[in-house]
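S.K.: below is the sequence, then the predicted model.
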Amino acid sequence: MNDASFSDADPAPLALIAQDADDLTVISTLVQDSVLPVTEISYDMRHRQLALLLNRFRWEDADQARRDERPYERVRSVLLISDVQRVQSDGIDRADTDLILELLAVRWEAGADGTGRLMLEFAGDGTLAIEAECLNLELRDVTRPYIAPSRRAPEHPED
């Protein structure tokens, strides 16, 4: 009988919080290339929260999948932004219920006294700008991983 290794265990779901720029860099990397229908964006003005239900590529598992020669994975994740004061969109047609968005990056533009603007940048020049009282963002996996439909890792060709 062989000893079990860490890779034999079921993947643990991610549950991360970003409250500063370093935390946000980690989350931005993990959500890069996530896809979602525009209908999976929900703003709760009363509770001052914006939620996105993402189909997140599992970057944290990509190297191991490549070494094991097994398919790449995605997982459904919630990106929850709290302490939201205002949400603006540019280049995103919320009325187009068939629109699929690809999240490229999440950036924080600090303002005065801890306030700022969280920028969610999507492929095709779409942007969500979230005015926030502070940086308060959570990423949580909500399903088990599944084989990525494309069976490939997203690519970013050099210009």
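M.R.: Alright, I've got the coordinates.

S.K.: mind showing which ranges of the protein have poor pLDDT?
M.R.: For the chain, applying pLDDT under 70 flags the ranges 1-10, 158-159.

S.K.: all helices for it, in order.
M.R.: Under the criterion DSSP state H, the chain contains helices at 21-31, 59-68.

S.K.: deepest-packed of those helices, please.
M.R.: Per-stretch averages of neighbours, counted by mean count of other CB atoms under 10 Å, single out helix 21-31 among these, with a mean of 16. Every C-beta, even on glycine, is put in place using the N, C-alpha and C of the backbone.

S.K.: what residues does it touch?
M.R.: Defining contact as CB atoms under 8 Å, 6 or more residues apart in numbering, one finds that helix 21-31 is touched by 14, 16-18, 54, 56, 59-60, 77, 79, 103, 105-108, 110, 135, 137, 139.

S.K.: distance from the chain centre to it, please.
M.R.: Distance of helix 21-31 from the chain centroid (CA atoms, centre = their mean, to the nearest Å) equals 9 Å.

S.K.: check stretch 15-26 too.
M.R.: Averaging C-alpha positions (CA atoms, centre = their mean) puts stretch 15-26 12 Å from its chain's average.

S.K.: hey, where'd the strands end up in this structure?
M.R.: 15-18, 34-37, 41-44, 49-57, 73-82, 84-90, 100-110, 116-122, 126-132, 137-141, 146-147 (DSSP state E).

S.K.: quickly run through the sheet partners of the third one, with directions.
M.R.: Sheet neighbours of strand 41-44, with direction, are listed as strand 49-57 (antiparallel) (DSSP bridges).

S.K.: repeat for the fifth one
M.R.: On the basis of DSSP bridges, the sheet neighbours of strand 73-82 come out as strand 49-57 (antiparallel), strand 137-141 (antiparallel), strand 146-147 (antiparallel).

S.K.: of all the helices of the chain, which one is nearest Leu128?
M.R.: Closest approach to Leu128 among the helices of the chain is made by helix 21-31 (12.7 Å; CB to CB).

S.K.: now the angle between strand 49-57 and the closest one, please.
M.R.: Helix 21-31 runs at 50 degrees relative to strand 49-57, counting by axes from the mean of the first three to the mean of the last three CA atoms, to 10 degrees.

S.K.: the nearest residue to Ala65 once chain neighbours are set aside and Ala148, how far apart?
M.R.: Nearest non-adjacent residue to Ala65, counting by CB to CB, 6 or more residues apart in numbering: Tyr72, 5.2 Å away. Distance from Tyr72 to Ala148, counting by CB to CB, to the nearest Å: 4 Å.

S.K.: alright, calling it a day.
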